[in-house]
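Visitor: The sequence and its predicted three-dimensional model are supplied below.
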Amino acid sequence: MDKYECTVCGYIYDPEVGDPEHGIEPGTSFENLPPNWVCPICGAPKDQFVKKE
């Protein structure tokens, strides 16, 4: 699964870790995050993330 980086603050969403503090289980791909999920650091929406190469 691909990692995604917030273009606003640099936070990396790692699907192997998820976002457990916000109810996102480990193993959740970026594409399967809820539409209202935002960056846990700066609050940027999903459309501000880019796939890490």
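Guide: That came through, no problem. Residues are numbered from 1 along each chain as shown.
Visitor: alpha carbons only for contacts and neighbour counts from here, please
Guide: Noted.
Visitor: how about the strands in the chain?
Guide: Taking DSSP state E, the strands of the chain run over residues 4-6, 12-13, 49-51.
Visitor: Out of those strands, which one sits most buried?
Guide: Of the strands of the chain, the one with the most neighbours on average (mean count of other CA atoms under 10 Å) is strand 4-6, at a mean of 21.
Visitor: Residues contacting that strand, please?
Guide: 11-14, 30, 39, 44, 48-52 (CA atoms under 8 Å, 6 or more residues apart in numbering).
Visitor: hmm, try it at 7 Å
Guide: With CA atoms under 7 Å, 6 or more residues apart in numbering as the test, strand 4-6 has contacts from 11-14, 48-52.
Visitor: From Val8, how far off is Met1?
Guide: Per CA to CA, to the nearest Å, Met1 is found 22 Å from Val8.
Visitor: For the spatially most central residue of the chain, list the residues it contacts.
Guide: The centroid of the chain falls nearest to Tyr13 when counting by CA atoms, centre = their mean (3.7 Å). Applying CA under 7 Å, 6+ apart, we find Tyr13 in contact with 3-5.
Visitor: Can you lay out those residues as TSV showing distance to Pro35 and pLDDT?
Guide: Converted to TSV, these look like this (distance: CA to CA, whole Å; pLDDT from 0 to 100):
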residue	distance to Pro35	pLDDT
Lys3	17	98
Tyr4	15	99
Glu5	17	99
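Visitor: Looking at Met1 and Val8, which one has more neighbours?
Guide: Ranked by neighbour count (other CA atoms under 10 Å), Met1 and Val8 place Val8 first, with 14 against 11.
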